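> Output the structure for:
(chains A and B)
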Protein chains: 2
Amino acid sequence: MKDSYVLPAAADMHVHLRDGDMLKAVVPTIRNGGVDTVYVMPNLVPPVTTVAAALEYKKRLQDVDSSINYLMTLYLHETITPEVVREAKKAGIVGIKSYPAGVTTNSSSGVVSYEPFYPVFEAMQEVGMVLNLHGEVPSDKKDVTILNAESKFLPTLKDLHRRFPKLKIVLEHTTTADAVEAVRSCGETVVATITAHHLSLLVDDWAGNVYCFCKPVAKTPEDRKKLLDALVNSNGKFFLGTDSARVAHDISAKKGKGNAAAGVFTQPFACQYVLNSLEDAIERGDIKDEQVTEELLKGFLSEWGREFYGVEKATKQILVKKGNATIPESIKDAGVEVVPFRKGETTWSVEWQ
Amino acid sequence: MKDSYVLPAAADMHVHLRDGDMLKAVVPTIRNGGVDTVYVMPNLVPPVTTVAAALEYKKRLQDVDSSINYLMTLYLHETITPEVVREAKKAGIVGIKSYPAGVTTNSSSGVVSYEPFYPVFEAMQEVGMVLNLHGEVPSDKKDVTILNAESKFLPTLKDLHRRFPKLKIVLEHTTTADAVEAVRSCGETVVATITAHHLSLLVDDWAGNVYCFCKPVAKTPEDRKKLLDALVNSNGKFFLGTDSARVAHDISAKKGKGNAAAGVFTQPFACQYVLNSLEDAIERGDIKDEQVTEELLKGFLSEWGREFYGVEKATKQILVKKGNATIPESIKDAGVEVVPFRKGETTWSVEWQ
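Residues are numbered from 1 along each chain as shown, chains lettered A, B, ... in the order given. All right, here's what the predicted structure looks like:
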C-alpha cells in the first residue's frame, strides 16, 4: 500500500442517520469519512414505509448537509404494495430494505415470511428497484443463535434469487465465509456490502465490549479472512456499506437489564477504517500487499456501489494519508456521548480536494 | 419437581472470594446461596502460590464467616515444586489450580506449557491433591477464539489423564458438548464442575450484556442441553462449582476501552439459580421433569463434590421453596455496585434448618 492516495469520493451503501437531534449529530460526520453518497436505512421509529415519509426524511437530511447525495429506501412492511413500489420508483426512491422481525435495533415491524411479498418483489424487479436484505434469521434459542443466524438465512437469499433472477439484491453487512460463498454462487444481480468493522473484528473483540457489538456479530478468523478475500477479489460483487450506527452504550448498573443496543459507530472514519483494516490484514498475512491496488480502493470504496445502484460516478476527490489522524476517545453531541470504533487509535486522514 | 425440598447444605466447588473489601462483601453471601463448603480460587493479585499465603488467606476468610468450610488451593506457578506440594498437603491444602496464561481475570501469571509441571503433578498424584484445570487455550486470534478455546484444550486434559491416571483432575466450568464427552471418556479420577449460569445462558445472552459475560463464554443451545444432560446423568462425574465472580461492570464511555471484566455474580443465589435453570430446562424440553429427583439435587449440589474432594457429608440442612424470593436489581457494598445474575427475577428461597 502507498502512504497516500487520491480517490474518488466514497459511497457508503448502508448508513443509519437516525432522526431528530441524532440526525443533526450524525449527518455532519458523513463527509469526514470521505463519503459523498449514502444509502439511508429506513428503520426509524416508526419505520419509513411510505413514499411521503421517505421524501420528508430526505428533506430533513438535506437541511443539515445538502452536499450529500442521499439514496432513500423504504422499510419492507405489509403496507408496501406493488403500487407503492411504482410510486416510489417515480419519486426516485432507490430500494426497499427487509428486516426479519426482531433481529436488530428497530426491527420489530420486520418480515416474518417473504411469500406475501412476492408481488412486491415482482414489481421491484419490473421497475428496477433494489431489495436490501438484513440476512439473519431470528434467534429461536433452540437451533438459531447469533452465530449461525446469517448462515441459516442464506437458503432464503438463494430462493429469492431463483424466484426473481432479475431482481437486484444486496445481502447487507455480510460476516461469514458461508455468506461470501452464497453471494458468489448467485448471478450478477446479487451483491453484498461489507462493513469497515467486520474487516477488523472477531468474536473475541465484542465479548464484554459493547463498542464492538453489532448485528450481525463479528465471527471467526476464518470468516474475517473470507471477507477480506471477498474485498480484494470483489470484481464489483462486494462493496462498502458501513452500517455505522450511533447508539448510546452507557449500560451502568442502574439502566435496565444491561442489554446494550447493537451498533458500531464508524461514520466519521468510514474510509479510514477500511484502510486500517487492510493494513492490519496485510500484516497478519490474510491478504497480500500487492492485492491492495489503487483500482481496488476506488472500486470498493466508491465505484462498485454506485454502479450497482445506477448512480453517476463521483465528481469530487479525496486525498487520504496514512497515519495522519487520531480517532477521538468519545464524541459528544445531541445529548449523547458516543464512543467511535478504534477510539484513541491512529488512522488515515481524509482531505477533500 | 416439587415445590420445596429439604437438602443437605450445598458445596460450591469453584468460588472467587477475592480479598480486602471485596472479600468482606462476598463472603457473607455464601450462606445465602445455601452453601457451607467452598473451594476457593487462588487468583488473587498477586496469586496464592505459597502455603503460607493460602493459610493467611484462609484466616482472612474465617475472620468474616467462621461457619464456612474453606477448601484452599494454590495457583500453579513456576515456584510450585514437589516439595511445596508435600508441604501443602500437610497443611490441609486440597488442590492446585492451573490457569493457562491470559485466558481470564487475573491469569497473567498462568501456565504456558504443562510439561515443566510433570514432577509437580507426579507429587500431587502421590499425596492425593486435586488438579483444577481452567480448560481453555489462550485465543491467538488466528485459529483459537473464545468459541473453540475449550474444545481445543481437551486434548491437553486427555493427555494429562493418560500420563497421570491416578491424579484427581477437575475440568472447571465446562461449557461445551465436547468437554462433557471428554470428561465422560476419562477414568473416574477425572470429573468436572458446572456453573449455575451455564445451565441457563447462551451466546445470545452475553452478546451486548456484560452481566452475562464470563469466561468460558456460554455457547450454543446444543452445548447447554449437553450440560443439563451431564447434570441429570452425572453419577458423580459432574457437580456444582459456580465460578461466581463479583466484578464491577460499569463500562461507561469514560472508562478505558470498554472492555468489561469477565464474571457473573451468582454467590448469593448459588442453589437457587440451579433450581431455576432446571425448571427452565424442563419447560424447554431439554430434560424431563422425572429426571430431577431429590437424589439428583442432593448429589449435584452437595454430595458428589464432597465425595470427590474427600470432605465429610454436610451436617446442616437447607429448606428450599419455589418462587419464594426475588433477586435484587443490584447489590451495593465494598464501594462497588454489582448486578447479580437474573436480576429482578423470582427465584427459590433458602432457609437454613
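
> Name the spans of the stretch 151-300 of chain A whose pLDDT lies under the cut-off.
Applying pLDDT under 70 to the stretch 151-300 of chain A picks out residues A:248-258.

> can you give me the helices in it?
A:154-163, A:177-185, A:203-206, A:221-232, A:270-284, A:294-298 (DSSP state H, counting those that start in this stretch).

> which one's the longest strand in chain A?
If you go by DSSP state E, chain A has its longest strand at strand A:317-326.

> Could you figure out how far that one is turned away from helix A:270-284?
Angle, strand A:317-326 to helix A:270-284, by axes from the mean of the first three to the mean of the last three Cα atoms, to 10 degrees: 70 degrees.

> before we move on, back to that, now tabulate the helices of the stretch 151-300 of chain A in a markdown table and tack on mean neighbour count and distance to chain B.
Every residue, glycine included, has its C-beta placed from N, CA and C. A markdown table is the format used below for these (neighbours: other Cβ atoms under 10 Å in any protein chain shown; distance: least, Cβ to the nearest Cβ, whole Å):
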| stretch | mean neighbour count | distance to chain B |
| --- | --- | --- |
| helix A:154-163 | 16 | 19 |
| helix A:177-185 | 19 | 14 |
| helix A:203-206 | 22 | 5 |
| helix A:221-232 | 21 | 5 |
| helix A:270-284 | 22 | 8 |
| helix A:294-298 | 16 | 24 |
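
> out of the ones you listed, nearest to B:Leu240?
helix A:203-206 (27.9 Å; Cβ to Cβ).

> Off-centre distance for that closest one?
19 Å (Cα atoms, centre = their mean, to the nearest Å).

> now stretch A:302-317
On Cα atoms, centre = their mean, the centre of stretch A:302-317 falls 16 Å from the chain's centre.

> list the buried ones in it?
A:302-309, A:311, A:314 (16 or more other Cβ atoms under 10 Å in any protein chain shown).

> Please report the separation between the first and final residues of it.
For stretch A:302-317, the first-to-last residue distance is 10 Å (Cα to Cα, to the nearest Å).

> nearest spatial neighbour of A:Lys225, skipping sequence neighbours?
Nearest residue to A:Lys225, sequence neighbours excluded (Cβ to Cβ, 6 or more residues apart in numbering or on different chains): A:Asp286, at 4.7 Å.

> right, and the one you found touches A:Ala230 too?
No: using Cβ atoms under 8 Å, A:Asp286 makes no contact with A:Ala230, being 11.7 Å away.

> what's the following helix or strand after the longest strand of chain A?
Next along the chain after strand A:317-326, taking DSSP states H and E as the criterion, comes strand A:331-333.

> Okay, now the sheet partners of that following strand, with direction.
Strand A:331-333 has its sheet partners listed here by DSSP bridges as strand A:336-338 (antiparallel).

> how far is the partner strand from where the chain is centred?
So, by Cα atoms, centre = their mean, the centroid of strand A:336-338 is 21 Å from its chain's centroid.

> Give the rounded mean pLDDT of it.
Strand A:336-338 shows a mean pLDDT of 79 in the predicted model.

> Turn the buried residues of stretch A:302-317 into JSON lines, columns for distance to A:Thr49, pLDDT and secondary structure.
Formatted as JSON lines, the buried residues of stretch A:302-317 follow (distance: Cβ to Cβ, whole Å; pLDDT from 0 to 100; DSSP: H, G, I helix; E, B strand; the rest coil):
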{"residue": "A:Ser302", "distance to A:Thr49": "30", "pLDDT": "98", "secondary structure": "helix"}
{"residue": "A:Glu303", "distance to A:Thr49": "31", "pLDDT": "98", "secondary structure": "helix"}
{"residue": "A:Trp304", "distance to A:Thr49": "29", "pLDDT": "98", "secondary structure": "helix"}
{"residue": "A:Gly305", "distance to A:Thr49": "24", "pLDDT": "98", "secondary structure": "helix"}
{"residue": "A:Arg306", "distance to A:Thr49": "26", "pLDDT": "98", "secondary structure": "helix"}
{"residue": "A:Glu307", "distance to A:Thr49": "28", "pLDDT": "98", "secondary structure": "helix"}
{"residue": "A:Phe308", "distance to A:Thr49": "24", "pLDDT": "98", "secondary structure": "helix"}
{"residue": "A:Tyr309", "distance to A:Thr49": "21", "pLDDT": "98", "secondary structure": "helix"}
{"residue": "A:Val311", "distance to A:Thr49": "24", "pLDDT": "97", "secondary structure": "coil"}
{"residue": "A:Ala314", "distance to A:Thr49": "31", "pLDDT": "98", "secondary structure": "coil"}
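
> would you list those in CSV and tack on distance to B:Ala334?
Formatted as CSV, these follow (distance: Cβ to Cβ, whole Å):
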residue, distance to B:Ala334
A:Ser302, 55
A:Glu303, 58
A:Trp304, 56
A:Gly305, 53
A:Arg306, 58
A:Glu307, 60
A:Phe308, 57
A:Tyr309, 57
A:Val311, 59
A:Ala314, 58
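
> of those residues, list those near chain B.
With Cβ under 8 Å from any Cβ of the partner chain as the criterion, those include none near chain B.

> I'd like to know which of those is nearest to A:Pro42.
A:Pro42 lies nearest to A:Tyr309 out of the buried residues of stretch A:302-317, by Cβ to Cβ, at 15.4 Å.

> so that closest one makes contact with A:Ile93?
No: counting by Cβ under 8 Å, A:Tyr309 does not reach A:Ile93; the two are 11.7 Å apart.

> First residue to last residue on stretch A:34-51, what's the distance there?
Start-to-end, stretch A:34-51 (Cα to Cα) is 29 Å.

> how about it: buried residues?
Buried residues in stretch A:34-51 (16+ other Cβ under 10 Å): A:34-44, A:47-51.

> Same list, the residues you listed, but only the ones touching chain B.
Okay, of these, nothing touches chain B (Cβ under 8 Å from any Cβ).

> now, which of these lie within strands?
Per DSSP E, the buried residues of stretch A:34-51 map to strands at A:35-40.

> TSV for those, including pLDDT?
TSV is the format used below for these (pLDDT from 0 to 100):
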residue	pLDDT
A:Val35	98
A:Asp36	98
A:Thr37	98
A:Val38	98
A:Tyr39	98
A:Val40	98
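
> Out of those, give me the two with the largest separation.
A:Asp36 and A:Val40 (13.5 Å).

> And stretch A:133-152, what's buried?
In stretch A:133-152, counting by 16+ other Cβ under 10 Å, buried: A:133-139, A:144-152.

> Of the helices of the stretch 151-300 of chain A, which is nearest A:Glu351?
Comparing the helices of the stretch 151-300 of chain A by Cβ to Cβ, helix A:270-284 comes nearest, at 11.5 Å.

> helices or strands up against that closest one?
In terms of contacts (3 or more Cβ pairs under 8 Å, 6 or more residues apart in numbering or on different chains; DSSP states H and E), helix A:270-284 is packed against strand A:10-15, helix A:221-232, strand A:317-326, strand A:346-352.
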